[in-house]
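Peer 1: Quick one, fold the following:
(chains A and B)
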Number of protein chains: 2
Amino acid sequence: MILEVGFIPVLDGRQAEFETTINAAVEDLLSKSDGYLGFTFHGWGIERPNIYMFSVAWETLEHHTVGFRESDRFTQWRAIIGPFFDGAPNVEHFAV
Amino acid sequence: MILEVGFIPVLDGRQAEFETTINAAVEDLLSKSDGYLGFTFHGWGIERPNIYMFSVAWETLEHHTVGFRESDRFTQWRAIIGPFFDGAPNVEHFAV
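Peer 2: Numbering: from 1, shown residues only, chains lettered A, B, ... in the order given. The predicted structure is shown next:
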């Protein structure tokens, strides 16, 4: 199991709308990917208030980096959540 | 509930010993703190191989920043796990 850990800077004042939007996109797009094991919202930053932290569990690294990121679902995912970004997301992977 | 999210750079070759040591320190010291709700090891970095990622759930921010960090238990905690550090840990807090 691989954990994708992400921090997304979200436009000020759009946080609640972003939460609703990404939750719907998880259900409609992300969760339909091969190797997807689960999505977790960890919270909004205290030191950096508009940072949305999440993680996604995947069976393997390639299920994320190839299977999802090179799919049409990723293009749709970014088109839906991208307009809320206030800068580039920071994403890293971890393995137990 | 507040999530403390931490990334610790660990000396090369000491990873397994660090895992055993921090697990014991969680049991002996961290878990005995007021407001402590749980510790999770999320894995070792893939892009940054010697980074140990963890999170700690706390009832409130102050349970971590004051109750734990200003306690003797924190001094002991750092004395036990600090010798494994290969640089400064990065710690942030998130709130749902």
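Peer 1: contacts for stretch A:4-12?
Peer 2: Defining contact as CB atoms under 8 Å, 6 or more residues apart in numbering or on different chains, one finds that stretch A:4-12 is touched by A:18, A:45, A:48, A:50-58, A:64, A:81, A:84-94, B:42, B:53. Glycine gets a C-beta too; all of them are placed from N, C-alpha and C.
Peer 1: what's next to the host helix or strand of A:His42, contact-wise?
Peer 2: Taking DSSP states H and E as the definition, A:His42 sits inside strand A:36-45. For strand A:36-45, contacts defined as CB under 8 Å, 6+ apart pick out A:1, A:7, A:15, A:19, A:23, A:26, A:30-31, A:50-59, A:63, A:68, B:2-3, B:5, B:55, B:92-96.
Peer 1: Sort out which residues of it are buried, please.
Peer 2: A:Tyr36, A:Phe39, A:His42, A:Gly43, A:Trp44, A:Gly45 (16 or more other CB atoms under 10 Å in any protein chain shown).
Peer 1: Over to A:Ala88: give its phi and psi.
Peer 2: Main-chain torsions, A:Ala88, degrees, to the nearest 10: phi -80, psi 140.
Peer 1: Show me which residues of chain A sit near chain B.
Peer 2: The interface of chain A toward chain B, taken as CB under 8 Å from any CB of the partner chain, is made up of A:2-3, A:5, A:41-48, A:51, A:53, A:55, A:61, A:92-96.
Peer 1: what is the rounded mean pLDDT of the helix or strand hosting A:Thr21?
Peer 2: Per DSSP H and E: A:Thr21 is located in helix A:15-28. Throughout helix A:15-28, pLDDT has a mean value of 98.
Peer 1: List the single closest residue to A:Phe68 in space, sequence neighbours excluded.
Peer 2: A:Ser33 (4.6 Å; CB to CB, 6 or more residues apart in numbering or on different chains).
Peer 1: This completes my enquiry, with thanks.
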